[in-house]
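Visitor: Can you look at this prediction? I've put the sequence above it.
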Amino acid sequence: MPTAYITHPSFLLHEMGPYHPECPERLTAIGDRLIAAGIDGYLQHYTAPAATREQIARVHGPRYIESIEQASPDEGLIFLDPDTALNPHTLQAARHAAGAVVKGVDLAMAGECRTAFCAVRPPGHHAERARAMGFCVFNNVAVGAAHAMAAHGLARVAIVDFDVHHGNGTEEIFTGDHRVLMASTFQHPLYPYCGVDNNDPKMVNIPLPPGSGGNEFRAAVRDHWLPALDEHKPELILISAGFDAHREDPLANLKLVEADYAWVTREMVQLAARHAKGRIVSSLEGGYALSALGRSAAEHVRELVAG
């Protein structure tokens, strides 16, 4: 079965001002690298639909959704926090970013693809139930996970997050919902300065000190993620695929390289084969050094294809 590549033109129209690291060129860097590496020809391309209000409201309150709609500007930028802005295209892009993950879930559950990569903007894992932050508006993987359970009846879902920043929004949305296991690594201390004090057994959040590299990352996955994931036996794996723990990334101080992203993806492919009929839906989060982002995402997608 092919690997789906899901994106939408609106993602290139969402901009938050000159020199903002979360820029449209991020998607161009990934797409160009997939072509240069000979991977694009193995992908089945899909245009992301917009998530419905019902789909988004499973993880975000109605007042929050209305506040984003009301804040959406006709021109210029409206800042929701010092890092996160709306331009006239952001609301459409955010709806389609969440819809991309919904589409990936539907494709995987229907058997039309085994794995999917959602090349989306804005990212999502910092968006809490009632708060936009950290470049994120709607929590894309959370919308996808909730859809998998509500529309497809799944009883056990896993979200794995290797972004360098902790996915506080995903944690906030699913703490206490033991159908969902979240496994993450992140640099600590670093924005958003949380993730180390959650006692929920389904929140397997492993902080890494600045300067950590592939050895420390792989040990965290082997020693903590994999035992918890095998015990949970997820029927679907969603990945918050942030590539900003790369040693070239300007926003953090971890030292991962492309081989580390390939390795963790292979581990997730093997886990999905054991428990989830091979089903993985991955969605882009961070990654701000354009060359490193393109190379890392390409190796991630290569392993999804190979799986």
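Guide: The structure has been received and is ready for your questions.
Visitor: Would you agree Glu299 is in contact with Val264?
Guide: No - Glu299 lies out of contact with Val264 (Cβ atoms under 8 Å); the separation is 10.3 Å. (C-beta placed from N, C-alpha, C; glycine too.)
Visitor: what pairs with the lengthiest strand in the chain, and is each one parallel or antiparallel?
Guide: Looking across the chain with DSSP state E, the single longest strand is strand 180-187. Take DSSP bridges as the rule and strand 180-187 pairs in its sheet with strand 157-161 (parallel), strand 203-208 (parallel).
Visitor: Using CSV, write out the CA atom coordinates for the shortest one.
Guide: Only the C-alpha atoms of strand 157-161 are listed here, as CSV (Å, rounded to 0.1, in the frame of the first residue of the first chain):
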residue,chain,number,x,y,z
VAL,A,157,-4.4,5.3,20.1
ALA,A,158,-0.8,6.4,20.6
ILE,A,159,0.7,9.8,19.9
VAL,A,160,4.5,10.0,19.8
ASP,A,161,6.2,13.4,19.7
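Visitor: I'd guessed Arg114 sits against Gln44; true?
Guide: No - at 10.9 Å, Arg114 and Gln44 do not qualify as touching, with contact defined as Cβ under 8 Å.
Visitor: In the chain, mark out all the strands, start to finish.
Guide: Assigned by DSSP E, the chain shows strands spanning 3-7, 43-47, 78-81, 84-86, 115-118, 157-161, 180-187, 203-208, 236-241, 280-284.
Visitor: In contact with Arg53, which residues?
Guide: Residues in contact with Arg53, defined by Cβ atoms under 8 Å, 6 or more residues apart in numbering, are Ile65.
Visitor: again, 10 Å this time
Guide: His60, Pro62, Ile65, Glu66, Glu69, Arg95 (Cβ atoms under 10 Å, 6 or more residues apart in numbering).
Visitor: For it, give me the pLDDT.
Guide: Reported pLDDT at Arg53 in the predicted model: 98.
Visitor: picking that back up, of Arg114 and Gln44, who's got more company?
Guide: Arg114 (22 against 14; other Cβ atoms under 10 Å).
Visitor: OK, contacts around that one?
Guide: By Cβ under 10 Å, 6+ apart, the residues touching Arg114 are 1-4, 107-108, 269, 272-273, 276-280, 304-305, 307.
Visitor: Same question for Gly76.
Guide: Gly17, Ala85, Leu86, Asn87, Pro88.
Visitor: Isn't Leu284 up against Cys118?
Guide: Yes - in this structure Leu284 lies within contact range of Cys118 using Cβ atoms under 10 Å: 6.5 Å.
Visitor: Now for the two: what residues contact both?
Guide: With Cβ under 10 Å, 6+ apart as the test, Leu284 and Cys118 both reach Thr7, Phe11, Ala97, Ala100, Gly124, Asn140, Ile239, Ala241.
Visitor: What sits closest to the last one if chain neighbours are left out?
Guide: This means Ala241. In space, and not counting its chain neighbours, Ala241 is closest to Ser282: 4.7 Å by Cβ to Cβ, 6 or more residues apart in numbering.
Visitor: contacting residues around the one you found?
Guide: 3, 6, 101, 104, 115-119, 141, 160, 237-241, 265, 268, 297, 300-301, 304.
Visitor: Okay, the closest residue to Glu25 other than its chain neighbours and Ser296: tell me how far apart.
Guide: For Glu25, ignoring the flanking residues on the chain, the nearest one in space by Cβ to Cβ, 6+ apart is Leu290 at 5.9 Å. Distance from Leu290 to Ser296, counting by Cβ to Cβ, to the nearest Å: 11 Å.
Visitor: Over to Val160?
Guide: Val160 is 16 Å from Ser296, by Cβ to Cβ.
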